[in-house]
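Chemist: output the structure for:
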Amino acid sequence: MMRACLPDMPAQGSGSITMISTSPASPGCTGVAYDAAYTASKHALVGVARSLALEYGKRGLTVTALCRSFVDGDMLV
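Modeler: Numbers count the residues shown, from 1 in each chain. Purely as a prediction, here's the structure:
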């Protein structure tokens, strides 16, 4: 989705992209043994968001990685 929308966004002069990562206390920010692939994918999201924020911030875009907490749902049961 981002790849499709990002090229046209700077012409608008403003906009935002939010990527949903994971809780700061979980593998996305710390790392967990035997879970390298998941950890790498979450670290990658944060890194891409930071890089794009630097690249596109001067053009009026905001790019962030939302490192949310747990959501009470069926997966936690």
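Chemist: so Thr18 is in which element?
Modeler: For Thr18, the host element (DSSP states H and E) is strand 15-20.
Chemist: could you list every helix and strand that that strand packs against?
Modeler: Here strand 15-20 touches helix 2-5, helix 36-56, strand 61-66, going by 3 or more CB pairs under 8 Å, 6 or more residues apart in numbering; DSSP states H and E. (C-beta placed from N, C-alpha, C; glycine too.)
Chemist: which residues make contact with that strand from outside it?
Modeler: Strand 15-20 has contacts (CB atoms under 8 Å, 6 or more residues apart in numbering) with 2, 5-6, 9, 45, 48-49, 52, 60-66, 68.
Chemist: what's the closest of the residues you listed to Thr22?
Modeler: Nearest to Thr22, judged by CB to CB, of those is Arg68 at 7.2 Å.
Chemist: export the helices and strands packed on strand 15-20 to JSON lines and tack on mean neighbour count, mean pLDDT and distance to Gly13?
Modeler: Output for these, formatted as JSON lines (neighbours: other CB atoms under 10 Å; pLDDT from 0 to 100; distance: least, CB to CB, whole Å):
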{"stretch": "helix 2-5", "mean neighbour count": "9", "mean pLDDT": "87", "distance to Gly13": "15"}
{"stretch": "helix 36-56", "mean neighbour count": "15", "mean pLDDT": "89", "distance to Gly13": "11"}
{"stretch": "strand 61-66", "mean neighbour count": "17", "mean pLDDT": "91", "distance to Gly13": "9"}
